[in-house]
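predicted model follows, preceded by the sequence.
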Amino acid sequence: MKSIKKPHKTVFADTSAGAPTYWECPACGFLSGDPRFLDLEHACPACGASGIERRRFPSDRVRRLDDRIRAYQEQGDGEIVVILVMALLETILEDIVDRMMSAQGADLKVRRVVMDSQRSIGVRIGKLFPALAGEEFEEAAEELGYRDFPKRWRTMREARNAFIHDSPFNGPRERLDAEMGADAMVLLDQAYKLFVLLNNKFVADGHHRS
Ligand SMILES: [Zn+2]
């Protein structure tokens with residue numbers, strides 16, 4: 001039998017009742033939605049660390065925004081859902097770029113300078129991400145099983161921009177309101193999962209964290 005290094009299986013958290021809850025290994029940054037990971041004696045599948053308190057992901061700030069988005073979605077307010085989901089996605093994807101920099105040894109000062117000088121999400125994903133990952137965001141997403149995510153995200157950003165700048169969007173206005181809200185919720189769910197997979201691939205697995 002060939003001996004292949006088996007990737008650590010990522011366990012997704014339940015999202016049926018709001019934002020998912022993941023626990024982060026403070027030693028290597030691995031994220032798991034496995035409830036057993038809450039038990040401090042359950043060793044981290046990536047680095048084997050145990051007995052250290054684990055932080056919750058996403059942060060409370062993200063969870064609060066997530067709660068509000070779900071409330072707007074229940075009210076059928078698709079427009080605000082799209083706008084807020086886009087804001088949340090940018091926060092989540094900005095966070096992964098920051099964590100990748102950290103995993104490669106960049107300290108807080110350096111990360112701040114980089115993020116301050118690269119403010120657009122397009123540049124962060126188009127330039128920073130490949131520099132850190134060694135491959136394009138689209139390729140990484142495809143490998144992890146989310147091939148359509150980058151395109152759907154781009155389409156949703158265009159829709160959001162159309163709302164904000166009051167310019168025409170490819171498609172009737174009603175579609176933005178009703179279906180786009182539902183589409184945005186699907187995208188949000190995928191974004192959490194993709195974040196965790198990207199994290200476990202590019203941040204947690206054997207990289208140094210400062
Ligand atoms: Zn670990």
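Received, thanks.

got phi/psi on the spatially closest residue to Phe57 that is not a sequence neighbour?
Distances taken as CB to CB, 6 or more residues apart in numbering put Tyr22 closest to Phe57, at 4.4 Å, once the chain neighbours are dropped. Backbone N, C-alpha and C define where each C-beta goes, glycine included. The phi/psi pair for Tyr22 (degrees, to the nearest 10) reads phi -120, psi 160.

which residues touch Tyr22?
Ala13, Leu31, Ser32, Gly33, Arg56, Phe57, Pro58, Val196 (CB atoms under 8 Å, 6 or more residues apart in numbering).

which one (most neighbours) among these?
With neighbours taken as other CB atoms under 10 Å, the top of the contacts of Tyr22 is Leu31, carrying 29 neighbours.

and stretch 18-32, what's its mean pLDDT?
Per-residue pLDDT values over stretch 18-32 give a mean of 92.

that one close to the ion?
Yes. Judged by CB under 5 Å from the ion, stretch 18-32 and the ion are in contact via Cys25, Ala27, Cys28, Phe30.

out of those residues, who has the most neighbours?
Counting by other CB under 10 Å, top hit in the residues of stretch 18-32 next to the ion: Phe30 with 25 neighbours.

my guess is it meets Asn200, correct?
Yes. Under the criterion of CB atoms under 8 Å, Phe30 makes contact with Asn200 at 5.9 Å.

quick one, domains of this structure?
Following automatic domain parsing, one finds the domains of the chain at 1-57, 60-203.

deepest-packed of the ones you listed, please.
domain 60-203 (a mean of 17; mean count of other CB atoms under 10 Å).

that one and the ion in contact?
No. Judged by CB under 5 Å from the ion, domain 60-203 makes no contact with the ion; its nearest approach is 10.0 Å.

just the endpoints, please. Distance across that domain?
End-to-end distance for domain 60-203: 21 Å, by CA to CA, to the nearest Å.

just checking the distance from that domain to the centre of its chain.
Relative to the centre of its chain, domain 60-203 is centred 7 Å away, using CA atoms, centre = their mean, to the nearest Å.

what's the answer for stretch 29-36, then?
Worked out by CA atoms, centre = their mean, stretch 29-36 lies 15 Å from the chain centre.

got the end-to-end distance for that stretch?
In stretch 29-36, first residue to last residue: 17 Å (CA to CA).

likewise stretch 53-61?
First-to-last distance for stretch 53-61 - CA to CA - comes to 20 Å.
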